[in-house]
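Visitor: kindly return the folded structure for what I paste below:
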Amino acid sequence: MSKRIGAIVCALSLVFCATALNPRPSMAAQGTTLRAAMDGSGVDTLNPFLAFFNGALDVFGLVYPSLNSLDPSGVPGPYLATEWKSEGNTWTFTIRDGLKWSDGQPITAEDAAWTLNLIKDDAVAGTANGSLVSNFAKVEATSPTTLVITTKAPQASVPYVSIPTTGIPIVPKHVWEPLAKNLKDAKNDTFPLVGYGPWKLTDYKQEQYATFEATKDFVLGAPVYDRLVLQSFKSADAAVAALRSGQIDYKPGVNPTQFKALQADKNIRAVQTVGNGWMGLEINHNARTRTGKKIGTGHPALADPVLRRAIALATDKQTLVTKVIDGVGQVGAGYLPPAWPQWNWKPAQPTPFDPAQANKVLDEAGYTKGADGVRTDPKSGKPLAFRLGIHSDDSADAAISGYLAGWLKDIGIKLTIQSLSMSALNSDLAKGDWDLLMDAWTTGPDPTYLLGIQSCATLPKDDGTGGNTDSFFCDEAYDRLFKQQLTTFDQGERAKVVAQMQEILYQANVNQIYYYGNGLDVARKDTVDGLTLGQPDASGVYPAQTAFWSYLKAAPVVKSAKVEDSRNVLIWVIGGLLIVLVAGAVVLRRRTKDDRE
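Guide: You can find the predicted model right below:
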């Protein structure tokens, strides 16, 4: 019996020893993968000429190049262009020689010229970013390495026009030129996508995931990780659960309740970043096309500025900051967020929370209350009963809508809350089939893109194409100032013009900015490091972050060799003991059987 036990243990020990000497490949040998939650907005389309959901913009920033990069402090840096200079109405960019698209074709100035001209000249191509090139007269590639942009008037923001995530991605002309004939139907879903960026998009499944492989010869430095997976979740709670379980390494943009809970988790790093966007209410005051054709089913009373001001007076923004985002943010007013203080504007006389005044102005304007407490529009005879669209997967929207329904009820307005998916809500938006909508926008350090959303140029065409308006705002004085800020090179003077634009928006009450929430990002301490760039301020809040740099600089956590060695020894010891026990059990079972025989 003892010989048989010894033989079995020895045989198994040979297998064990061989395994110990030749362990399974490490993650470094297999390649490393960073797994993160996709932005909650998702990807509306992989067509970069049409998309404006944050999830899609993050993807484009990773896989398509831009003329300039943008360092974490908000200053334009090199990317496709190594240098740039302006003379009057002319900007000249020197394009790198020798870069290639992922299919091996050379990247030249002609790709940039073709991309920018298409957006400038084609209404469909200008859907997402047309406002950024509205002052461009012509764009020429005078050589493979020289791009010349001529503007109608001097333009200060040109180095910001093509930057990752918030600017215009440059696409390969040889791929997109055939698609330009029917651009509105171009899906751009043949993988891997032909592009050039820190990552290559190798696969994408709608509302499931996007997978990327690192570009190891990327001009601004190769990603540390070999692969990146952006996973889509039905809810933020599901994404947080995945982070806790180790299914993903990083979740940007959790809500305050989740953030507070995760701060207490020893395995999670929870970081606040200064707010680079706003949360607010949009009011459908005059849905129409560029030719002035009325569209949609918006309530006619919302065209009255008195009614819109009453809604603003009835809204307690401080309560929303305190209750909805647990105080991690600021009360909103101006259209541009505090992440970029040079543009952040505050009104001289902020609209107070004053329900009594709201009731008074509505009484004076002839909005009488019925027996049910709901007022009636004196012009149309319709009750002030409005639809409020909210995002079905956004807990902040749901919380705000509850407060708003109560506050507006107190001044004689009835709200019916409609919980819609992101795609359904935005489909209704473009058609004008709504009254009130909850919305949120983020922006980079140049204000042109976000301000451009409120310009007349973003109204849809009669056929429904073109533009990405969010509230059908169109004002001639605003548009004149929009053009003026583009041509103002002195940043102090430009800030004054931008302030006037924000004053117009504030007084119109078409976009009512509730708050600027701090960014709340969480990551696993044991798997990933280097996602958050820059230094925190005195209160521990970091600068605004971008997916481009975060995913480029992120790195696996390097574990102590001593810890790893001790863990390995423990694993082998436990494994050896288990083998002995298994061997003994086998012998005992056989012994019992032999005895029966």
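Visitor: only C-alpha atoms from now on, for both contacts and neighbour counts.
Guide: Fine.
Visitor: now stretch 447-467: average pLDDT?
Guide: In this model, stretch 447-467 has an average pLDDT of 88.
Visitor: only C-alpha atoms, please: export that stretch in CSV.
Guide: The C-alpha coordinates for stretch 447-467 follow below in CSV (Å, rounded to 0.1, in the frame of the first residue of the first chain):
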residue,chain,number,x,y,z
PRO,A,447,-16.3,77.6,-26.9
THR,A,448,-17.0,77.6,-30.6
TYR,A,449,-18.6,74.2,-30.9
LEU,A,450,-21.0,74.5,-27.9
LEU,A,451,-22.0,78.1,-28.7
GLY,A,452,-22.5,77.0,-32.3
ILE,A,453,-25.3,74.6,-31.3
GLN,A,454,-27.4,77.7,-30.5
SER,A,455,-26.8,79.4,-33.9
CYS,A,456,-29.3,79.6,-36.7
ALA,A,457,-27.1,77.4,-38.9
THR,A,458,-27.9,74.4,-36.8
LEU,A,459,-31.6,74.5,-37.5
PRO,A,460,-32.7,71.5,-39.7
LYS,A,461,-33.3,71.8,-43.4
ASP,A,462,-36.9,71.3,-44.7
ASP,A,463,-36.1,67.7,-45.5
GLY,A,464,-35.0,67.1,-41.9
THR,A,465,-31.3,66.8,-42.5
GLY,A,466,-28.4,69.0,-41.3
GLY,A,467,-27.7,70.7,-38.0
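Visitor: check the secondary structure at the nearest residue to Trp278 once chain neighbours are set aside for me.
Guide: With sequence-adjacent residues excluded and distances taken as Cα to Cα, 6 or more residues apart in numbering, Trp278 is closest to Tyr516, at 4.6 Å. Here Tyr516 is strand, with the state taken from DSSP: H, G, I helix; E, B strand; the rest coil.
Visitor: repeat for Lys187
Guide: coil.
Visitor: that one touches Leu46, doesn't it?
Guide: Yes: under the criterion of Cα atoms under 8 Å, Lys187 makes contact with Leu46 at 6.3 Å.
Visitor: which one of these two is surrounded by more residues?
Guide: Leu46 (19 against 12; other Cα atoms under 10 Å).
Visitor: I'd guessed the more buried one sits against Thr190; true?
Guide: No: the criterion here is Cα under 8 Å, and Leu46 misses it with Thr190 at 10.2 Å.
Visitor: next up, the contacts around Asn276.
Guide: Applying Cα atoms under 8 Å, 6 or more residues apart in numbering to Asn276 gives the contacts 337-340, 442-444, 516, 518-519, 544.
Visitor: could you find the closest non-adjacent residue to it?
Guide: Nearest non-adjacent residue to Asn276 (Cα to Cα, 6+ apart): Ala339, at 4.8 Å.
Visitor: against Ser73, how distant is that neighbour?
Guide: Ala339 is 10 Å from Ser73, where distance means Cα to Cα, to the nearest Å.
Visitor: these two: who's more crowded?
Guide: Ala339 (24 against 13).
Visitor: distance of that one relative to Gln247?
Guide: 31 Å.
Visitor: Phe212 now?
Guide: Relative to Gln247, and taking Cα to Cα, Phe212 is found at 17 Å.
Visitor: Pro65 too?
Guide: When Pro65 is compared with Gln247 (using Cα to Cα), they lie 30 Å apart.
Visitor: what's across from the nearest residue to Gly332 once chain neighbours are set aside in the sheet?
Guide: Of all residues not flanking Gly332 in the chain, Tyr515 sits nearest, at 3.9 Å (Cα to Cα, 6+ apart). Tyr515 has the following beta-bridge partners by DSSP bridges: Met279, Val331.
Visitor: pretty sure Tyr515 is touching Lys317, no?
Guide: Yes: Tyr515 is within contact range of Lys317, at 7.1 Å (criterion: Cα under 8 Å).
Visitor: neighbour count for the two, which is higher?
Guide: Tyr515 (25 against 22).
Visitor: returning to that earlier point: tell me who's in contact with the residue nearest to Asn276.
Guide: With contacts defined as Cα under 8 Å, 6+ apart, Ala339 is in contact with 274-277, 445, 543-544.
Visitor: gap between Gly366 and Ala301?
Guide: With Cα to Cα as the criterion, Gly366 and Ala301 are 12 Å apart.
Visitor: then Glu476?
Guide: For Glu476, the distance to Ala301 - Cα to Cα - is 22 Å.
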